[in-house]
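[1] Need coordinates for the below:
(one chain, ligands or ions: 1)
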Amino acid sequence: MLYPQNNLYRQFTDLSGFWDFRFDPADQGLEQGWSNGFDDSRPIAVPASWNDQFEDGRDFLGPAWYQTHFHLPWGFNLKRLFLRFNSVNYLAQVWLNGHLLGGHEGGHLPFQFEIMGKIHPTDNLLVVRVDGSLSFDRVPPGNVTGDPYDFFGSHGKNFPQTNFDFFPFCGIQRPVLLYAIPDCSIQDLTVRTGLDSTTGIVSVAVQTQNCDFANLILSLRGHGQELTATAHRVEQTTTLELLVPNAALWEPAAPNLYDLTVQLFYKGELEDVYALPIGIRTVKIDGSRLLLNGKPFYLKGFCRHEDFPISGRGYQPAVLAKDFALMQWSGANSFRTSHYPYSEQTMHLSDRLGLLVIDEIPAVGLYFREDGLQRRLEVCQQYLNELIDRDKNHPSVLMWSIANEPLSLRPEAKPFFKALYDQAKALDPTRPVTLVSSVGIAEESLDFLDVACLNRYYGWYDHSGRIEEGLRNLSIELDVLYERYHKPIILSEFGADTLPGVHAQPPEMFSEEYQVEFLTSYIELLRSKPYVIGEHVWVMCDFKTSQGTLRMGGINYKGVFTRDRRPKMAAHALRKLWRDS
Ligand code: GCB
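    Modelled structure (predicted):
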């Protein structure tokens, strides 16, 4: 799904702003909810989670109603029109002027509706019902009951009862766009790049719609070069290839981008243009090594969350800019989109600023009891399709992650992940596929996954207060894991809760000194293992969680930065380590 853009042939407008909003705890439905004219409505900021915008309803997860009015912008009436929602968590149903446009399941991924015939030139009423409530058969799951074996962390005692460790923020969390494209248009582009000695190979599959036998011109500009390729009488799809001599390759230390432009001609007229920044680079797993552009690469960086006071999981451009500035300041070269896809803008900034991304579907806290299992698989399959469709053209996307810490000790887990692995490979054979494991050696899907990601907290949840002892265990475990599966390993989470301003010498749990010692001694161990290809600290910033005995004030304090982005001592220690090596 191409992101809307503005040029002479396509346009979009952002419907962000204050919408009308009401909670609907009795689930009275559209008739009652709407026909009373939203008398009890209140203004709400879109995009943002609803939970922290008001004095009531923080823990209320839905259903709730949003509505806004808009006019058709000048010039839009000559085009095909769509409404695109970049992220609504969790279930969305959308009406335009009383017509049900459809629905979507799952936050963090975009969906859209064509609205021809349902839109007026002047006043339009857009209504959205959002339900973010937690259920065992949703992904990620919540309100799971029964066998403690299927629970994450605090064994179902947290509130709201998530099977994962972050607050289940809900609402319209990213922009809603109204956009226009020509009838005869470029529907999709799939860019793949390769390398033959110093020559870059750029192959672009172009999908057109509503114009058989169109002509295409593909051009690539940048780094002193301008190259073109053409295709004639294209029937819906074709692949064009460009060879780029002495290509300026994309890598974190030099995130070189080229401007790719596709022009679509139909019956002699230029009908549509789409432009995309692209990077030329290759990714390969070679034995126990990760090769970027043919050279071994070691990942240093963070896991993160989209989380900020008041706006919750809502898109905040200034916070995003700050997070990238802090990642660059600390010397990170990569991050994981734990535990759901981040905004499209995050992916664009990663391309531009040179951060490699482990791109994860929102499959966290998965468990494998029969009830709801098939449904959870289908939802994960939908997410994987949507994620790869959205992010396949970003040079920053290094690999796909198909889950975080599934409770994989049941036999159903392996076939579940084999289905997702095969799907990812069929959609994108160019990138490695991983799964982030907490069960380690028992994660049998490592038989087929390309990379092993392991989360470990020895010296925190286990071996509390005894980092050295914990690390002795980790060292043995890593060797055993490599021996068993022969896959390169990323330590994809390790960290310690740290209260800013709490100090102790000798270091004690929760003190800033303990976090420094914890992270630096983990990193020293990881660097001594030749099959370890990366270290991702849990977590970049403190973030909001459900309430429970494990989380003081509903906050996970493992951040290297506070929730408002101030550094703890560990941030300086990491900067020293990551910039010097
Ligand atoms: C984990 C989870 C992450 C938690 C973290 C923690 O293993 O993947 O979501 O927040 O541990 O702090 O316990």
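[2] List the buried residues for the helix or strand where H348 lies?
    Assigned by DSSP states H and E, H348 belongs to helix 344-353. Judged by neighbour count using 16 or more other Cβ atoms under 10 Å, the buried positions of helix 344-353 are E344, Q345, T346, M347, L349, S350, D351. The way it works is simple: take the backbone N, C-alpha and C, and place the C-beta from them, glycine included.
[3] Over to stretch 17-28?
    So for stretch 17-28, counting by 16+ other Cβ under 10 Å, buried means W19, D20, F21, R22, F23, D24.
[4] Provide the partner residues of the fifth one in its beta bridges.
    I take that to be F23. Beta bridges link F23 to A64, judged by DSSP bridges.
[5] got a list of what it touches?
    D56, G57, F60, A64 (Cβ atoms under 8 Å, 6 or more residues apart in numbering).
[6] immediately after the helix or strand of the chain with the lowest mean pLDDT, which helix or strand?
    Scoring the helices and strands of the chain by mean pLDDT, DSSP states H and E places helix 29-35 at the bottom, with a mean of 58. Remark: after helix 29-35, the chain's next helix or strand is strand 42-46, criterion DSSP H and E.
[7] That following strand - contacts with which helices or strands?
    strand 17-23, strand 64-70, strand 171-172 (3 or more Cβ pairs under 8 Å, 6 or more residues apart in numbering; DSSP states H and E).
[8] burial measure for the nearest residue in space to C184 that is not next to it in sequence, as a count.
    Once flanking residues are discounted, C184 sits nearest to C211: 3.4 Å by Cβ to Cβ, 6 or more residues apart in numbering. Neighbourhood size, C211 [other Cβ atoms under 10 Å]: 21.
[9] Looking at the helices and strands packed on strand 42-46, spot the one closest to N393.
    Closest to N393 of those is strand 171-172 (Cβ to Cβ; 25.4 Å).
[10] related to what we said a few turns ago, closest one to the ligand among the helices and strands packed on strand 42-46?
    strand 171-172 (21.1 Å; Cβ to the nearest ligand atom).
[11] picking that back up, what's the closest of the buried residues of helix 344-353 to V357?
    S350 (5.2 Å).
[12] Please list all residues in contact with that closest one.
    Applying Cβ under 8 Å, 6+ apart to S350 gives the contacts L356, V357, H394, S396.
[13] can we see that at 7 Å?
    S350 sits next to V357, H394, S396 when contact means Cβ atoms under 7 Å, 6 or more residues apart in numbering.
[14] Point out the residues in the stretch 101-250 of the chain that sit beside the ligand.
    D165 (Cβ under 6 Å from any ligand atom).
[15] And the residue of the stretch 51-200 of the chain that's closest to the ligand?
    For the stretch 51-200 of the chain, Cβ to the nearest ligand atom, closest residue to the ligand: D165, 3.5 Å.
[16] G459 versus that residue, what's the distance?
    Distance of D165 to G459, computed by Cβ to Cβ, to the nearest Å: 18 Å.
[17] what secondary structure does the spatially closest residue to L349 that is not a sequence neighbour sit in?
    Nearest residue to L349, sequence neighbours excluded (Cβ to Cβ, 6+ apart): F324, at 5.3 Å. Following DSSP: H, G, I helix; E, B strand; the rest coil, the label given to F324 is helix.
[18] What's the local residue count around F324?
    18.
[19] correct me, but it touches G354?
    No: with contact defined as Cβ atoms under 7 Å, F324 does not reach G354; the gap is 10.0 Å.
[20] Any idea which residue is closest to the centre of the chain?
    Nearest residue to the geometric centre of the chain (Cα atoms, centre = their mean): P341, 1.5 Å.
[21] In which helix or strand does that residue reside?
    Under the criterion DSSP H and E, no helix or strand holds P341.
[22] these two touch, right, it and D389?
    No: contact criterion Cβ under 7 Å: P341 and D389 do not qualify, at 11.1 Å.
[23] so which of the buried residues of helix 344-353 are also by the ligand?
    Applying Cβ under 6 Å from any ligand atom to the buried residues of helix 344-353, none is adjacent to the ligand.
[24] so how far is the helix or strand harbouring Q382 from its chain's centroid?
    Assigned by DSSP H and E, Q382 belongs to helix 373-391. Computed by Cα atoms, centre = their mean, to the nearest Å, the separation of helix 373-391 from the middle of its chain amounts to 13 Å.
[25] now do stretch 529-548
    That offset, for stretch 529-548, works out to 15 Å (Cα atoms, centre = their mean).
[26] same thing with stretch 204-223?
    For stretch 204-223, the distance to the chain centre is 28 Å (Cα atoms, centre = their mean).
[27] doesn't N385 make contact with I361?
    No: using Cβ under 7 Å, I361 makes no contact with N385, being 9.7 Å away.
[28] quick one, which of those two is more surrounded?
    More crowded of I361 and N385, by other Cβ under 10 Å: I361, with 30 against 15.
[29] what's stretch 397-405 in contact with?
    Stretch 397-405 is contacted from outside by 283, 336, 338-339, 356-361, 363-364, 366, 384, 388, 391, 417, 420-421, 424, 431-438, 451, 453, 455, using Cβ under 7 Å, 6+ apart.
[30] ok, and does it reach over to the ligand?
    Yes: against the ligand, stretch 397-405 shows contacts by Cβ under 6 Å from any ligand atom at N404, E405.
[31] Please apply the same query to stretch 519-526.
    No: contact of stretch 519-526 with the ligand (Cβ under 6 Å from any ligand atom) is absent, the minimum separation being 13.5 Å.
[32] What mean pLDDT does that stretch get?
    Stretch 519-526 carries an average pLDDT of 98.
[33] ok, residues contacting it?
    Surrounding stretch 519-526, the residues in contact under the criterion Cβ under 7 Å, 6+ apart are 467, 471, 474-475, 491, 494, 532, 535, 537, 570, 573-574, 577.
[34] In JSON lines, list the residues you listed along with distance to M116, secondary structure and pLDDT.
    Converted to JSON lines, the contacts of stretch 519-526 look like this (distance: Cβ to Cβ, whole Å; DSSP: H, G, I helix; E, B strand; the rest coil; pLDDT from 0 to 100):
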{"residue": "I467", "distance to M116": "62", "secondary structure": "helix", "pLDDT": "98"}
{"residue": "L471", "distance to M116": "61", "secondary structure": "helix", "pLDDT": "98"}
{"residue": "L474", "distance to M116": "58", "secondary structure": "helix", "pLDDT": "98"}
{"residue": "S475", "distance to M116": "62", "secondary structure": "helix", "pLDDT": "98"}
{"residue": "L491", "distance to M116": "51", "secondary structure": "strand", "pLDDT": "98"}
{"residue": "F494", "distance to M116": "52", "secondary structure": "coil", "pLDDT": "98"}
{"residue": "V532", "distance to M116": "53", "secondary structure": "strand", "pLDDT": "98"}
{"residue": "E535", "distance to M116": "50", "secondary structure": "strand", "pLDDT": "98"}
{"residue": "V537", "distance to M116": "48", "secondary structure": "strand", "pLDDT": "99"}
{"residue": "A570", "distance to M116": "54", "secondary structure": "helix", "pLDDT": "98"}
{"residue": "A573", "distance to M116": "57", "secondary structure": "helix", "pLDDT": "98"}
{"residue": "L574", "distance to M116": "52", "secondary structure": "helix", "pLDDT": "98"}
{"residue": "L577", "distance to M116": "56", "secondary structure": "helix", "pLDDT": "97"}
